[in-house]
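J.: sequence isn't available, so here's the structure alone:
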């Protein structure tokens, strides 16, 4: 029986995210397809093994026989020895009714996922499980528990209803500033640039933090690094500050799981975005206030009434400045045990289709002591060489950016 997309997930229709990892040994197209068929046998009602009917906003499950044929459409055969080429191919490929799409056949494997299917938390768990099963010759299992009913209501009840003293801070919500638009004709031209730091860069960053700003999070340090690089090369963000993603699963009661989207992008405007201490103070206030739950609830209510799309068309500004979003994904521990063909050359590329023309999204992830940085943007708005300079600066010498 088909199921309706939740309002929270349907609002992300039209947006996709992706990841490429490698070089890996033993990743074959047949191995990935076999792992997907295992997933369907384990839990045929799961959204990742259904068809995504965007027009009707429904998940449509399939019989075992139907899915065995459908699985051939879920894996691209890309025998390319280049992580960026695999990423570009995934970004170009329309997903259509496919909730997920994998790339295999070479040393670099990839996943593209409709954002209506879920956020990065779901995508990473799924991708790591498929890769481990495909290379290890074992059965693939769904890597997350069955979802709880009404997760947002559960989180609000757990965090706010039972502790009403938190309500005033949670309800202190300001209207998010909008980037300056334009009237110029524009069509999306999604592109990316990815870079990897030298091994040991994360340790060096932590040493800087311990010496100059003890007690603050590495994420806050990296947010400041990215802002400084963007401001230096592309100009001050518009609107000022940056958008950061908050995974609201942190507010769920123990044992409650979410299968789809449960993160919110919050606009931060610290006193000095290039100062990690100022960014950390804003992040501490944001997380402690539980404002993400209020904003998720408001977003759901607005989307239910207006059936909003996640991306609103905008014109190109005459002098565009970046609308900056920074995503810190932490340590990619789920990928560490994979069969790496050359651990010294490991690559992680994280992309998301940006929204309006000025959208610039920088994703940060740690693996093996190195920092992996990916910037996604529109190549007909920002100069690819300038975006490459931003990305290489963040990966190359983040400490130097903190010392500006």
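T.: Cool, got the structure. Just so it is clear, the model here is predicted, and its values are computed rather than measured.

J.: can you pull the buried residues of stretch 89-105?
T.: 89-91, 95, 98-105 (16 or more other C-beta atoms under 10 Å). To be clear about C-beta, it is placed using only N, CA and C from the backbone, and glycine gets the same treatment.

J.: domains for this protein, by residue range?
T.: Here the chain is described, according to automatic domain parsing, as comprising the domains 3-136, 151-402.

J.: now those domains as TSV including distance to residue 143 and mean pLDDT?
T.: Output for these, formatted as TSV (distance: least, C-beta to C-beta, whole Å; pLDDT from 0 to 100):
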stretch	distance to residue 143	mean pLDDT
domain 3-136	4	94
domain 151-402	8	88
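
J.: distance to residue 145 added to those domains, as JSON lines?
T.: Formatted as JSON lines, those follow (distance: least, C-beta to C-beta, whole Å):
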{"stretch": "domain 3-136", "distance to residue 145": "11"}
{"stretch": "domain 151-402", "distance to residue 145": "4"}
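
J.: out of those, nearest to residue 142?
T.: domain 3-136 (5.0 Å; C-beta to C-beta).

J.: measure the closest one end to end?
T.: Between the opening and closing residues of domain 3-136 lies a distance of 33 Å (C-alpha to C-alpha, to the nearest Å).

J.: please renumber the chain so that the first residue is 36 from this point on.
T.: All right, first residue 36 from here; so that's domain 38-171.

J.: so residue 149 sits against residue 88, correct?
T.: No - the criterion here is C-beta atoms under 8 Å, and residue 149 misses it with residue 88 at 11.6 Å.

J.: those two - which one has more neighbours?
T.: Per other C-beta atoms under 10 Å, whichever of residue 149 and residue 88 has more neighbours is residue 149, with 23 against 13.

J.: can you tell me how far the residue nearest to the spatial centre of the chain sits from residue 435?
T.: Central residue of the chain (C-alpha atoms, centre = their mean): residue 155, 4.5 Å from the mean position. Counting by C-beta to C-beta, to the nearest Å, the gap from residue 155 to residue 435 is 28 Å.

J.: ditto for residue 197
T.: Distance from residue 197 to residue 435, by C-beta to C-beta: 47 Å.

J.: what of residue 102?
T.: Counting by C-beta to C-beta - residue 102 and residue 435 are separated by 51 Å.

J.: between the two, tell me which one has more neighbours.
T.: A count of neighbours by other C-beta under 10 Å puts residue 102 above the other of residue 102 and residue 435, at 20 against 12.

J.: isn't residue 294 right next to residue 85, touching?
T.: No - the criterion here is C-beta under 8 Å, and residue 294 misses it with residue 85 at 11.6 Å.

J.: shared neighbours of the two, which are they?
T.: Residues touching both residue 294 and residue 85 (C-beta atoms under 8 Å, 6 or more residues apart in numbering): there are none.

J.: strands of the stretch 336-439 of the chain, residue ranges please.
T.: Applying DSSP state E, counting those that start in this stretch to the stretch 336-439 of the chain gives strands spanning 358-366, 382-387, 394-402, 405-413.

J.: I'd like to know which of those lies nearest to residue 58.
T.: When those are ranked by proximity to residue 58 (C-beta to C-beta), strand 382-387 comes first, at 7.6 Å.

J.: list the neighbouring strands of the closest one plus their orientation.
T.: Paired neighbours of strand 382-387 in the sheet (DSSP bridges): strand 51-57 (antiparallel).

J.: quick one, the partner strand and strand 358-366 angle?
T.: Using axes from the mean of the first three to the mean of the last three C-alpha atoms, to 10 degrees, the direction of strand 51-57 lies 40 degrees away from that of strand 358-366.

J.: next, the angle from strand 51-57 to strand 405-413.
T.: Going by the same axes, to 10 degrees, strand 51-57 makes 140 degrees with strand 405-413.

J.: quick one: whichever helix or strand comes after strand 51-57 to chain centroid distance?
T.: The helix or strand immediately downstream of strand 51-57 is helix 64-77, counting by DSSP states H and E. Relative to the centre of its chain, helix 64-77 is centred 24 Å away, using C-alpha atoms, centre = their mean, to the nearest Å.

J.: compare the strands of the stretch 336-439 of the chain and give me the one nearest residue 113.
T.: Here strand 382-387 is closest among the strands of the stretch 336-439 of the chain (C-beta to C-beta), at 13.5 Å.

J.: now do the closest one: distance to the chain's middle.
T.: So, by C-alpha atoms, centre = their mean, the centroid of strand 382-387 is 9 Å from its chain's centroid.

J.: can you get me a residue count around residue 47?
T.: Residue 47: 22 neighbours (other C-beta under 10 Å).

J.: so residue 369 is in contact with residue 161, correct?
T.: No - between residue 369 and residue 161 there is no contact under C-beta under 8 Å: 10.0 Å.

J.: settle it for me: which of the two has more neighbours?
T.: Regarding residue 369 and residue 161, a neighbour count based on other C-beta under 10 Å identifies residue 161 as having more, with 24 against 15.

J.: name the SS class of that one, please.
T.: Under DSSP: H, G, I helix; E, B strand; the rest coil, residue 161 falls in the helix class.

J.: wait, isn't it in contact with residue 176?
T.: No - taking contacts as C-beta under 8 Å, residue 161 lies outside contact range of residue 176: 10.9 Å.

J.: shouldn't residue 177 be within a strand?
T.: No - counting by three-state DSSP, residue 177 is not part of a strand but coil.

J.: list the contacts for it?
T.: 74, 77-78, 81, 164.

J.: please tell me how far the nearest residue to residue 117 once chain neighbours are set aside sits from residue 391.
T.: Once flanking residues are discounted, residue 117 sits nearest to residue 143: 7.0 Å by C-beta to C-beta, 6 or more residues apart in numbering. Residue 143 sits 30 Å away from residue 391, going by C-beta to C-beta.

J.: just give me the closest of the contacts of residue 177 to residue 37.
T.: residue 81 (13.4 Å).

J.: hang on, that closest one packs against residue 73?
T.: No - the criterion here is C-beta under 8 Å, and residue 81 misses it with residue 73 at 11.8 Å.

J.: where exactly do the strands run in the stretch 36-185 of the chain?
T.: 38-39, 51-57, 86-88, 93-95, 110-112, 135-139, 144-149.
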